[in-house]
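Trainee: return a 3D structure for these sequence lines:
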Amino acid sequence: MSNRGRRYDGEPKLNIKKVLAVLIILAVIIMCIVLIVKFATPDGNTETKIVANSYITVFSNNKWGVINSKGETIIDPTYDDMIVIPDPTKAVFIYQSNVNLENGTYDSKAIDDKGENLFTSYDKVEALQNVDSNNYVTYDTNVLKVCKDGKYGLINFSGTEILATLYDSIYPISGVKNSFVTIKDGLYGLVDNSGNVIIDNLYTEITSLTNKYEDGYIVKDQNGNYGLINYSKKQVLECKYSEIKNVCGNNLYAVKENGTLELINQDGSVLINNGFDDIKSIDSGNIVFVKGNKYGVMTKEGTVLIEPNYDELKYAFDGNYIAKKDNNYGIINTSNETKLDFAYTYITYMPDESFIEADKTDGKTDLLDTSFNIKVTGIVSEIDTDKGYVKVRVDNEYKYYNFRLEEKKSQDIFTTNTLFLSKKNGKYGYVNRDGIVIVDYIYDDATEQNEYGYVAVKQNGVWGALDQNGNVVVTPSYELAQNTVISFIGKWHLAPDLNANYYTDVNE
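Mentor: Numbering: from 1, shown residues only. The predicted structure is shown next:
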């Protein structure tokens, strides 16, 4: 019988030449894949910035529309009046029509991302506009005001009614979150953004005690007397005062009773009622008072800690006060010791960030820690409380610092960015996280990458935009001389009016 094949006795052996050939082929394939990925974007920038979907109002050819955070058109710019987007993460867009300025009438409706009408059972749908601590316009992101048969109520963004349309008017208390005044039959009440009634409609006036709703609300009864109700619906001060000043602290309040200004506690007991003309603030059990147009500090028992010799006093931290004297600002403590010389045009303490900004006569600012050590000197261009950094121009270079005033690289601050601003020989370009040049140093000015993934670049006096991979999406052509902030989303740039907060393709 002839053998038709070879049978091995023992274990099979590897063909080394074939194995090496296979390994070489695999290596070549891997190298090709790497090269393809590397050269898919300029200079090998392979990172991708994750951009959360959001909606932005745009203005073009005197019409208003909506784009998303990728720069894609959602609602064509065909509306005559500005489209308001109360919550950028939700496809609920408010627009007005038939506006008559003479008699104050208008229609207000809501549409979705397909341009279809929402909440059609109501005659009007409106955003609730307020202002923040910097006086920028904001909108409530939880509720909308609706009107039916001339009466107002509240719905959430899904259209669920949380406050019945029973009121003659509803409006937010200026500068205070989660606080909406209601008017019914001429009397004022208060609700929150869950529709909970905090104060019944029994009063002729309701205002906030401070800019924090937790501190409570000043109410005026039908006899013209003032009292205080807190957010838990408790009557803190009964309605018997001719005035309640907008200051509080440590359960202490400044009120006028029978024409006399008094410092009282929450049970109404009078602590002090003389030695001052006015009370400006209450902090750590001490009060900043005014006497003879000068500021001083005393304890709640009336012991004067700082004589009224200053033009201004404002509590900063740990018994330290920002003071103004002879048109200059410094910092003193309750022992009347000077902790920071009176050498500044203005001083601000950032309580949440725990550092001091002290403006100098030359336009620069000293940034100091709470031990009064100068850590940075330069021109402060941005303080971002969300990302926790300060951007300062130092010796014609932008530098970044955390709130401990430690210098940081932009890569440490903008952890999701794909491009990082870099300067060389007086020109700007961009590098990736590893420092590899992605965009050559050819621009006269430029910005860091924004939340949408775009950067703005300036060349020959005009601005354009690059995408997150460094590709040109707008050739520099916009002057933008009126803009304090330069930002692009695709072809759209931020409008000069930051309060309006919209993007446009108009060359301004």
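Trainee: just the endpoints, please. Distance across stretch 361-376?
Mentor: 16 Å (C-alpha to C-alpha, to the nearest Å).
Trainee: show the average pLDDT along that stretch.
Mentor: Mean pLDDT, stretch 361-376: 97.
Trainee: buried sites along it?
Mentor: For stretch 361-376, burial by neighbour count (16 or more other C-beta atoms under 10 Å) applies to 364-368, 375-376. Yep, even glycine has a C-beta here, placed from its N, CA and C like the rest.
Trainee: what helix or strand does residue 240 sit in?
Mentor: strand 235-241 (DSSP states H and E).
Trainee: hmm, residue 402 is touching residue 389, no?
Mentor: Yes: at 6.0 Å, residue 402 counts as touching residue 389 under the criterion of C-beta atoms under 8 Å.
Trainee: which one of the two has more residues nearby?
Mentor: Neighbour count, other C-beta atoms under 10 Å: between residue 402 and residue 389, residue 389 has more, with 20 against 16.
Trainee: might you report the residue contacts of the more buried one?
Mentor: 382-383, 400-403, 408, 413 (C-beta atoms under 8 Å, 6 or more residues apart in numbering).
Trainee: okay, and the common contacts of residue 402 and residue 389?
Mentor: residue 408.
Trainee: ok, of the contacts of residue 389, which come out buried?
Mentor: Of the contacts of residue 389, these count as buried by 16+ other C-beta under 10 Å: 383, 400-403, 413.
Trainee: report the angle between the axes of the helix or strand hosting residue 246 and strand 235-241?
Mentor: Using DSSP H and E, residue 246 falls within strand 243-249. Orientation of strand 243-249 against strand 235-241 (axes from the mean of the first three to the mean of the last three C-alpha atoms, to 10 degrees) gives an angle of 150 degrees.
Trainee: pull out the buried positions in strand 243-249.
Mentor: Using 16+ other C-beta under 10 Å as the test for burial, strand 243-249 gives 244-245, 247-249.
Trainee: include pLDDT and distance to residue 353 when you put these into TSV, please.
Mentor: As requested, those are exported to TSV (pLDDT from 0 to 100; distance: C-beta to C-beta, whole Å):
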residue	pLDDT	distance to residue 353
244	98	31
245	97	28
247	96	23
248	95	23
249	93	21
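Trainee: just the closest of these to residue 88, please.
Mentor: Checking the buried residues of strand 243-249 against residue 88 by C-beta to C-beta gives residue 248 as the nearest, at 34.3 Å.
Trainee: quick check: that closest one touching residue 210?
Mentor: Yes: under the criterion of C-beta under 8 Å, residue 248 makes contact with residue 210 at 6.4 Å.
Trainee: which residues sit in contact with residue 123?
Mentor: Contacts of residue 123 by C-beta under 8 Å, 6+ apart are 147-149.
Trainee: repeat for residue 379
Mentor: Residue 379 touches 363-365, 392-393, counting by C-beta under 8 Å, 6+ apart.
Trainee: assumed it was part of a strand.
Mentor: Yes: assessed by DSSP: H, G, I helix; E, B strand; the rest coil, residue 379 belongs to a strand.
Trainee: if we can go back for a sec, helices or strands next to the strand holding residue 246 in the packing?
Mentor: Applying 3 or more C-beta pairs under 8 Å, 6 or more residues apart in numbering; DSSP states H and E, we find strand 243-249 packed against strand 226-229, strand 252-257, strand 278-283.
Trainee: between strand 252-257 and it, find me the angle.
Mentor: Using the same axes, to 10 degrees: strand 243-249 against strand 252-257 is 170 degrees.
Trainee: circling back to that earlier point, can I get the contacts of residue 389 in a markdown table with distance to residue 166, pLDDT and secondary structure?
Mentor: Listed next are the contacts of residue 389 as a markdown table, based on distance: C-beta to C-beta, whole Å; pLDDT from 0 to 100; DSSP: H, G, I helix; E, B strand; the rest coil:
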| residue | distance to residue 166 | pLDDT | secondary structure |
| --- | --- | --- | --- |
| 382 | 45 | 92 | strand |
| 383 | 43 | 94 | strand |
| 400 | 52 | 96 | strand |
| 401 | 52 | 97 | strand |
| 402 | 50 | 97 | coil |
| 403 | 46 | 97 | coil |
| 408 | 53 | 96 | strand |
| 413 | 49 | 94 | helix |
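Trainee: closest one of these to residue 478?
Mentor: Nearest member of the contacts of residue 389 to residue 478, counting by C-beta to C-beta, is residue 382, at 21.1 Å.
Trainee: residues contacting the closest residue to that closest one other than its chain neighbours?
Mentor: Nearest-residue entry for residue 382: residue 391, 4.0 Å, with adjacent residues in sequence omitted and distances by C-beta to C-beta, 6 or more residues apart in numbering. With contact set as C-beta under 8 Å, 6+ apart, residue 391 has these partners: 380-384, 398-400.
Trainee: try 6 Å
Mentor: Neighbouring residues of residue 391 by C-beta atoms under 6 Å, 6 or more residues apart in numbering: 381-382, 398, 400.
Trainee: same check on residue 124?
Mentor: Contacts of residue 124 (C-beta under 6 Å, 6+ apart): 108, 147.
Trainee: and it, how close does it get to residue 84?
Mentor: 13 Å (C-beta to C-beta, to the nearest Å).
Trainee: low-confidence bits of the stretch 101-250 of the chain, can you list those?
Mentor: Of all residues in the stretch 101-250 of the chain, none has pLDDT under 70.
Trainee: just to revisit the earlier point, so which elements touch the strand holding residue 240?
Mentor: If contacts are counted by 3 or more C-beta pairs under 6 Å, 6 or more residues apart in numbering; DSSP states H and E, strand 235-241 sits against strand 226-229.
Trainee: cutoff 10 Å now
Mentor: Packed against strand 235-241 by the contact rule (3 or more C-beta pairs under 10 Å, 6 or more residues apart in numbering; DSSP states H and E) you find strand 197-203, strand 217-220, strand 226-229, strand 252-257, strand 260-265.
Trainee: hmm, who's touching the first one?
Mentor: Residues from elsewhere that reach strand 197-203, judged by C-beta atoms under 10 Å, 6 or more residues apart in numbering: 163, 166-168, 178-192, 206, 213, 216-222, 226-227, 229-233, 235, 239.
Trainee: what are the pairing partners of it, and which direction each?
Mentor: Sheet pairing of strand 197-203 (DSSP bridges) gives strand 187-191 (antiparallel).
Trainee: what residues does the strand it pairs with touch?
Mentor: 143, 153-154, 162-163, 167-170, 173, 178-183, 196-208, 213, 217, 219-220, 222, 229, 231, 233.
Trainee: next one: it to chain centre, how far?
Mentor: 28 Å (C-alpha atoms, centre = their mean, to the nearest Å).
Trainee: may I see the buried residues of that strand?
Mentor: For strand 187-191, by 16+ other C-beta under 10 Å, it's 187-191.
Trainee: can you redo the residues you listed as a markdown table with distance to residue 59?
Mentor: Shown next, in a markdown table, are these (distance: C-beta to C-beta, whole Å):
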| residue | distance to residue 59 |
| --- | --- |
| 187 | 41 |
| 188 | 37 |
| 189 | 38 |
| 190 | 36 |
| 191 | 34 |
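Trainee: picking up where we left off before, max pairwise distance over the contacts of residue 379: which two?
Mentor: Farthest-apart pair in these is 363 and 392; separation 12.7 Å (C-beta to C-beta).
Trainee: turn the contacts of residue 123 into a markdown table, columns for neighbour count and secondary structure.
Mentor: Formatted as a markdown table, these follow (neighbours: other C-beta atoms under 10 Å; DSSP: H, G, I helix; E, B strand; the rest coil):
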| residue | neighbour count | secondary structure |
| --- | --- | --- |
| 147 | 18 | strand |
| 148 | 15 | strand |
| 149 | 7 | coil |
